[in-house]
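Q: no FASTA, just this:
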């Protein structure tokens, strides 16, 4: 069994050595047909630098969702051998069709299940509302949090589909068409789901038929990322020097209710006023944030 805490406690040099070993294993497993998932954020910037220190020819894949900070796209343009992809459906059409990304992916999916209640998914709806499954067993982790039950009848659709459609779909389509195995920069400490995934497979999921993937820096911590960037003088997007710690989609509301003020939207108002106006007035994020009690002024 993988001892994640032991690996997380390694020195930076030890982590670099272990990560490079995993990258080489994955490269050889895929006969060199691999690619790097590159978001332009600090984690994938370190991943890119690590991988290309061994195999400089490996292409990087950037999905231009239209939701990135402009500073991210500017930075990505400075990197060689990057393939730019775009989603089929823009964000505003995704939220019109499926719903807004609110609270968390899990809660958004649960709420969406209830909002789309039909006779066919009655058992699922009951599970989301009560936590009781088909066998009569109580599964509290499978129901909507009491705090967010009110979102069911909020008057606006909620969904977890955005990331799958905007980010994952174009990336997976590229991987399948070009028969390249992906290398991604996710880290286990970022969420319980990522931790579970890492504990199941380790850095390289060699045995997965449906989702073979390499996560060579999964056991790193955020301090390791910054220490690597500084130690090797690796350029990174200036968005981090503007006060942002995370550089995901600008208009995503997942987790914003947990942030201290100034939250991501309050900062956006001053750093990117045109984007702020668009997401509040055109996309209607202001009404969602009002409903969940998040200040954006």
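A: Looks like it arrived, so ask away. Computed from a prediction, not measured in an experiment: that's the story for all the values here.
Q: lowest confidence element among the helices and strands of this protein?
A: Ranked by mean pLDDT, DSSP states H and E, the weakest helix or strand in the chain is helix 192-201, scoring a mean of 84.
Q: Against which helices or strands is that helix packed?
A: helix 4-8 (3 or more Cβ pairs under 8 Å, 6 or more residues apart in numbering; DSSP states H and E). In this view, the C-beta of every residue, glycine as well, is placed from N, C-alpha and C.
Q: ok, then the element right after the helix it packs on?
A: helix 12-29 (DSSP states H and E).
Q: Please identify the buried residues of that next one?
A: Neighbour counts over helix 12-29 (16 or more other Cβ atoms under 10 Å) mark 15, 16, 18, 19, 22, 23, 26, 27 as buried.
Q: Closest to residue 167 out of those residues?
A: residue 26 (21.2 Å; Cβ to Cβ).
Q: wait, the closest one sits on residue 34?
A: Yes - here residue 26 reaches residue 34: they are 6.2 Å apart, a contact under Cβ atoms under 8 Å.
Q: Need the overlap of contacts for the two.
A: 181, 183, 214 (Cβ atoms under 8 Å, 6 or more residues apart in numbering).
Q: ok, the first one - how many residues close by?
A: Translated: residue 181. 20 (other Cβ atoms under 10 Å).
Q: right, and it touches residue 30 too?
A: Yes - using Cβ under 8 Å, residue 181 is in contact with residue 30, at 4.0 Å.
Q: Can you give me the end-to-end span of stretch 116-131?
A: This stretch, stretch 116-131, spans 18 Å end to end (Cα to Cα, to the nearest Å).
Q: same check, this time on stretch 290-297
A: End-to-end distance (Cα to Cα), stretch 290-297: 10 Å.
Q: do stretch 142-149 as well
A: 13 Å.
Q: neighbouring contacts of that stretch?
A: For stretch 142-149, the surrounding residues in contact (Cβ under 8 Å, 6+ apart) are 103, 107, 110, 111, 114, 127, 128, 129, 130, 131, 133, 152.
Q: Shouldn't the second one be within a strand?
A: This means residue 107. No - under DSSP: H, G, I helix; E, B strand; the rest coil, residue 107 falls outside any strand and is assigned helix.
Q: what number of residues lie near the residue lying closest to it once chain neighbours are set aside?
A: Once flanking residues are discounted, residue 107 sits nearest to residue 148: 5.5 Å by Cβ to Cβ, 6 or more residues apart in numbering. Number of residues near residue 148 (other Cβ under 10 Å) recorded here: 19.
Q: how near is residue 148 to residue 97?
A: 22 Å (Cβ to Cβ, to the nearest Å).
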